[in-house]
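**Q** what's the 3D shape of this:
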Amino acid sequence: MQATDSPLDPAPSPPYPAIEPWQRGWLPVGGGHSIYFEQCGNPHGLPLVVLHGGPGSGFSARMRQLFDPARFRIVLFDQRGCGRSTPRGECAHNTTADLVADIERLRRHLGVERWLVTGGSWGAALAVAYAAAHRDACLGVILRGIFLTGPADLEWFFAGAGGLFPQTWQALDRAAPGDRGRALPDRLFDAVLGDDALVAAEAVRRWMQWEATLDGGSPAPLPEFPDADTQAALLAKYRVQAHYLRHHCFLGETRLLELAATLGCLPVAILHGEKDLVCGVENARRLHRAVPGSRLRIVPEAGHNPFVASMQQALVDATAQFPADSA
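**A** So this is what the prediction gives:
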């Protein structure tokens, strides 16, 4: 349930210029994990932490360009097992509670008193969990492409949406071996988490193709792995995603909405593409009803990908609601 960020995605230029971080580092967080983090933008600006999607994806350099570098002190990090965090693809000691603790540990490590929290897709769910646990550390929350982490989301993504693009879905189904009496997600997760590297690689390729198809609204080509390093990185990414989705991200819709209901003391903006086929727009309405005083914006001409013009503008507008002296 990630924000797709791959060569398959035609996208306009992000709203802000490309920038380089002024700090990079790894923070040991326990359980053998160290998380990679960056800071960029204005060192004296309003602190803003960006929570990437997936689970498992890691953040991309393009994410730096979604936020005004003159106004914000932008903090990005790769969650446990993701991206440049180590060990890559590790699922042990890797739960939502661990990630929430990591975010707070990172805030304290960087000396941030309070920050604006933003996340998309899985990152939106994680933002809710973090803000509910650490409301006093949050200036506000901006949530995009709402993923509620429950069975309904998985049922839609892995089954219900299959009727929209049956050939691509059937190829995904064939890539998940095992008893056809078992649900596709269970077979797919077994394939990705199993010991057969060839089976895992084919399952990941078809999973990527299915995501890109739903995100783009038309059948996507089957991606290729150009080299062994790329294949290893993608297998690690989808191992983490399978681990989380198998456990409903250690949250589930009921618990997530209960946590969301405690955020009425914070400014909460909810953005969702009206053409989102990865996570249905009703997710955003359900979350909006759960959070007292939240602001909901259904973004026209946008799907799940943040790197389309209308969603980029919605993010710019949402962050503009937090002036530089908010902290």
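
**Q** use CA for all of it now, contacts and neighbours both
**A** Will do.

**Q** Could I get the buried residue list for stretch 100-107?
**A** Val100, Asp102, Ile103, Glu104, Leu106, Arg107 (16 or more other C-alpha atoms under 10 Å).

**Q** Oh, that last question was meant for stretch 297-307, not what I typed.
**A** Using 16+ other C-alpha under 10 Å as the test for burial, stretch 297-307 gives Arg297, Ile298, Val299, Ala302, Gly303, His304, Asn305, Pro306, Phe307.

**Q** Now intersect those residues with the strands, please.
**A** Residues of the buried residues of stretch 297-307 located in strands (DSSP state E): Arg297, Ile298, Val299.

**Q** can I assume the last one is in contact with Asp276?
**A** No - using C-alpha atoms under 8 Å, Val299 and Asp276 do not qualify as a contacting pair, with a distance of 9.7 Å.

**Q** residue boundaries of the strands in the protein?
**A** Going by DSSP E, the chain shows strands at 23-30, 33-41, 46-51, 72-77, 115-120, 138-144, 268-273, 295-299.

**Q** Make CSV out of the ones you listed and add mean pLDDT and distance to Pro12.
**A** Putting those into CSV (pLDDT from 0 to 100; distance: least, C-alpha to C-alpha, whole Å) gives the following:
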stretch, mean pLDDT, distance to Pro12
strand 23-30, 98, 27
strand 33-41, 98, 21
strand 46-51, 98, 21
strand 72-77, 98, 21
strand 115-120, 98, 18
strand 138-144, 98, 18
strand 268-273, 98, 16
strand 295-299, 98, 16
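
**Q** which one of the ones you listed lies closest to Leu235?
**A** The closest of the strands of the chain to Leu235 is strand 33-41. By C-alpha to C-alpha, the value is 18.3 Å.

**Q** Give me the contacts around that closest one.
**A** 19-29, 64, 68-81, 84-87 (C-alpha atoms under 8 Å, 6 or more residues apart in numbering).

**Q** what about 6 Å?
**A** With contact meaning C-alpha atoms under 6 Å, 6 or more residues apart in numbering, strand 33-41 is reached by 21-28, 69, 72-78, 84-86.

**Q** now do stretch 13-25
**A** Contacts for stretch 13-25 (C-alpha under 6 Å, 6+ apart): Tyr36, Phe37, Glu38, Gln39, Cys40, Gln65.

**Q** Show me the shaky parts of the chain.
**A** 1-11, 323-327 (pLDDT under 70).

**Q** Domain boundaries for it, per the record?
**A** Using automatic domain parsing, the domain parsing of the chain gives 23-149+250-319, 151-248.

**Q** So what would you say the end-to-end distance of the first one is?
**A** Pointing back at domain 23-149+250-319 there. 23 Å (C-alpha to C-alpha, to the nearest Å).

**Q** mind putting the contacts of stretch 13-25 in JSON lines, neighbour count and distance to Asp317 included?
**A** Written out in JSON lines, the entries for those read as follows (neighbours: other C-alpha atoms under 10 Å; distance: C-alpha to C-alpha, whole Å):
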{"residue": "Tyr36", "neighbour count": "21", "distance to Asp317": "29"}
{"residue": "Phe37", "neighbour count": "20", "distance to Asp317": "26"}
{"residue": "Glu38", "neighbour count": "17", "distance to Asp317": "24"}
{"residue": "Gln39", "neighbour count": "22", "distance to Asp317": "22"}
{"residue": "Cys40", "neighbour count": "19", "distance to Asp317": "20"}
{"residue": "Gln65", "neighbour count": "20", "distance to Asp317": "14"}
